[in-house]
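In: the amino acid sequence is not available; the structure is as follows:
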């Protein structure tokens, strides 16, 4: 019969079978949502005090894995948790210049290759050195942990980074 509804469900997206275990539909959805925006660098920042970036760093790493599946080698993950003064200054300068100095191709080639960088940072409320790096990116994803992040901490994070730089927020449940 012409135009009859299909009785079998559509197959899952092809990319799902190519992704490593643990990369959920929600993570893929986050990738595609953020791809609608124009960015070369994104920072993932926890909205509460936590050492080493906490779950935000893991989310950034997994986000970068999804990005590599869809973009290939033109995506770099940078773990910028536990920054020191010199490294914070160097990374900020590199991000502001649009270059990827941790790549051997040089600034002009990096821009032409449309490289993107995903950065994991410490909470700006506990590590002020994360602030200049976050400000040097094109956008910040605020990571909120259910039953951990307080409203005051989230508001302070937004205040330190600036509302205009925040491209979205992710709430992680326990």
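Out: Sure, I can see it. Source: prediction; values computed, not measured.
In: mind checking how far the closest residue to residue 79 other than its chain neighbours is from residue 152?
Out: Of all residues not flanking residue 79 in the chain, residue 120 sits nearest, at 5.1 Å (C-beta to C-beta, 6 or more residues apart in numbering). In this view, the C-beta of every residue, glycine as well, is placed from N, C-alpha and C. According to C-beta to C-beta, to the nearest Å, residue 120 and residue 152 sit 23 Å apart.
In: neighbour count: those two, which is higher?
Out: A side-by-side neighbour count of residue 120 and residue 152, using other C-beta atoms under 10 Å, places residue 120 first with 26 against 10.
In: how near is the more buried one to residue 170?
Out: Residue 120 is 13 Å from residue 170, by C-beta to C-beta.
In: over to residue 136?
Out: From residue 136 to residue 170 the distance is 21 Å (C-beta to C-beta).
In: now residue 118
Out: Applying C-beta to C-beta, the value for residue 118 to residue 170 is 13 Å.
In: look at those two and report which has more neighbours.
Out: Between residue 118 and residue 170, counted using other C-beta under 10 Å, the more crowded position is residue 118 (27 against 18).
In: heading C-terminal from the longest helix along the chain, find the next helix or strand.
Out: Looking across the chain with DSSP state H, the single longest helix is helix 54-71. Where DSSP states H and E defines the elements, the next helix or strand beyond helix 54-71 is strand 75-80.
In: in this protein, which ranges drop under the pLDDT threshold?
Out: 1-23, 73, 98-113, 174 (pLDDT under 70).
In: all the strands of it, residue numbers only.
Out: For the chain, applying DSSP state E gives strands covering 41-46, 75-80, 116-121, 139-145, 166-172.
In: which elements pack onto the third one?
Out: What that stands for is strand 116-121. Here strand 116-121 touches strand 41-46, helix 54-71, strand 75-80, helix 85-96, helix 130-136, going by 3 or more C-beta pairs under 8 Å, 6 or more residues apart in numbering; DSSP states H and E.
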